[in-house]
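K.L.:
got a sequence here, can you model it:
(one chain, ligands or ions: 2)
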Amino acid sequence: MSLSTGMMLDQVVLLAAVTVLGMMEQAYFSLKVIYARRKYSVSPPATTGPPEFERVFRAQANCSEYFPIFIFSLWLAGVFFSQALAAVFGVLYLYGRYLYFHGYAESAQGRLEPLYFSAKMQWALIAQSGLGVVCSLTHTYLGLDLMHSFTHLLGLTEHT
Ligand SMILES: CC/C=C\C/C=C\C[C@@H]1O[C@H]1/C=C/C=C/C=C\C/C=C\CCC(=O)O
Ligand SMILES: N[C@@H](CCC(=O)N[C@@H](CS)C(=O)NCC(=O)O)C(=O)O
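P.N.:
Residues are numbered from 1 along each chain as shown. Ligands and ions are numbered 1, 2, ... in the order given. Below is the predicted model of the structure:
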């Protein structure tokens, strides 16, 4: 897809849907911290309290720290590589983060398995972003269609 020919909404609508889902998930995590503050009587600006509170607090903070990386990589991968693939990895990442949040709320150990899962999804999105942007750069400035050669290598396109 070329931005110069105009981006059609159907070329990004899956990315938009995953972004809305991600924003709702972030809002949900924030609400859980507000409930935990009430439950454990930890009023702002305090950020320390019983371990049950601190784990919920850190789970939300950790998910927020990574949210910008997630959103940028989702859109870059979706625009420059493949919208469908980015959307699938995006939904899996958000699912992993949901499990991470609840695992961390239970115990520090409980966060680890979902963290590894969501990290794999995140790295896959970063890789797709990098590959897509490099292919676009070489196409624009060197006239090389690496993406076509790449998909041909994988047997996804006919040789032309
Ligand atoms: C989800 C974010 C993914 C990518 C963004 C970039 C960097 C973050 C690294 O990929 C993530 C890897 C995380 C690995 C964590 C490894 C170990 C943590 C385990 C134990 C900590 C010690 C303890 O709990 O006692
Ligand atoms: N802000 C994070 C950056 C590194 C990170 O993402 N760590 C993972 C694996 S140790 C985590 O779950 N950290 C727990 C937390 O941020 O509370 C930290 O302080 O640990």
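
K.L.:
can you name the element that comes right after whichever strand or helix holds residue 119?
P.N.:
Assigned by DSSP states H and E, residue 119 belongs to helix 112-142. Per DSSP H and E, the first helix or strand lying C-terminal to helix 112-142 is helix 146-153.

K.L.:
state the mean pLDDT of that following helix.
P.N.:
Mean per-residue pLDDT for helix 146-153: 80.

K.L.:
in it, which residues are buried?
P.N.:
Neighbour counts over helix 146-153 (16 or more other Cβ atoms under 10 Å) mark residue 147 as buried. All C-beta spots, glycine's among them, are computed from the backbone N, C-alpha and C.

K.L.:
same question for stretch 38-45.
P.N.:
Of all the residues in stretch 38-45, those buried under the rule 16+ other Cβ under 10 Å are residue 42.

K.L.:
start to end distance for that stretch?
P.N.:
With Cα to Cα, to the nearest Å applied, stretch 38-45 spans 13 Å between its terminal residues.

K.L.:
how distant is it from the center of its chain?
P.N.:
30 Å (Cα atoms, centre = their mean, to the nearest Å).

K.L.:
circling back: name the residues of the helix holding residue 119 that are buried.
P.N.:
Counting neighbours by 16+ other Cβ under 10 Å, helix 112-142 gives 114-115, 117-118, 121-122, 124-126, 128-129, 131-132, 135-136 as buried.

K.L.:
quick check: which ranges of the chain have low pLDDT?
P.N.:
Applying pLDDT under 70 to the chain flags residues 1-7, 156-160.

K.L.:
the helix holding residue 119 to helix 146-153, inter-axis angle?
P.N.:
Angle of helix 112-142 versus helix 146-153, following axes from the mean of the first three to the mean of the last three Cα atoms, to 10 degrees, is 120 degrees.

K.L.:
before we move on, the earlier item: restrict the buried residues of helix 112-142 to contacts with ligand 2.
P.N.:
Under the cut-off given by Cβ under 6 Å from any ligand atom, ligand 2 has residue 115 from the buried residues of helix 112-142 close to it.

K.L.:
I am finished for the moment; much appreciated.
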